[in-house]
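Q: Structure of the sequence below:
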Amino acid sequence: MGRLPKFSTLEEEAEFWEHHSLTEYMDELEDVEFEVEVSPEDTMLTFRVSPQLIRRLQEIARARGSSLQELLREWAETVGHSGG
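A: Prediction:
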């Protein structure tokens, strides 16, 4: 197994993971502990979109330095609070 490379940009890392599996680097990973706080008022929303749309939304999220979920939540809250 090779060593996990250092990445200069998120785009470089995304390109790398498009062609590699995390299982190739399991021996380099270390256990971490973390806590997740979930608001009891939050509700999960699930809907289907095309793979092309997901890829485009992921690109937008990466460019903003956030996850796809964070991007969509931000957009939904913005539209929801503005009324449309």
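Q: Quick test: name the residue nearest the centre of this protein.
A: If you average the C-alpha coordinates of the chain and look for the closest C-alpha using Cα atoms, centre = their mean, you land on residue 67, 3.5 Å from that point.
Q: Next, work out how far apart that one and residue 27 are.
A: With distances taken as Cβ to Cβ, to the nearest Å, residue 67 is found 27 Å from residue 27. Where you see a C-beta, it was placed from the backbone N, CA and C, and this is true even at glycine.
Q: Run through the helices of the chain in chain order.
A: Secondary structure of the chain (DSSP state H): helices at 10-18, 51-64, 68-82.
Q: Now tell me what touches the second one from outside.
A: Right, helix 51-64. By Cβ atoms under 8 Å, 6 or more residues apart in numbering, the list of residues contacting helix 51-64 from outside reads 10-11, 14, 49, 67-68, 70-72.
Q: redo that, cut-off 10 Å
A: Contacts of helix 51-64 with the rest of the structure, by Cβ atoms under 10 Å, 6 or more residues apart in numbering, involve 9-11, 13-14, 48-50, 66-72, 74-75.
Q: Many thanks, I have nothing further to ask.
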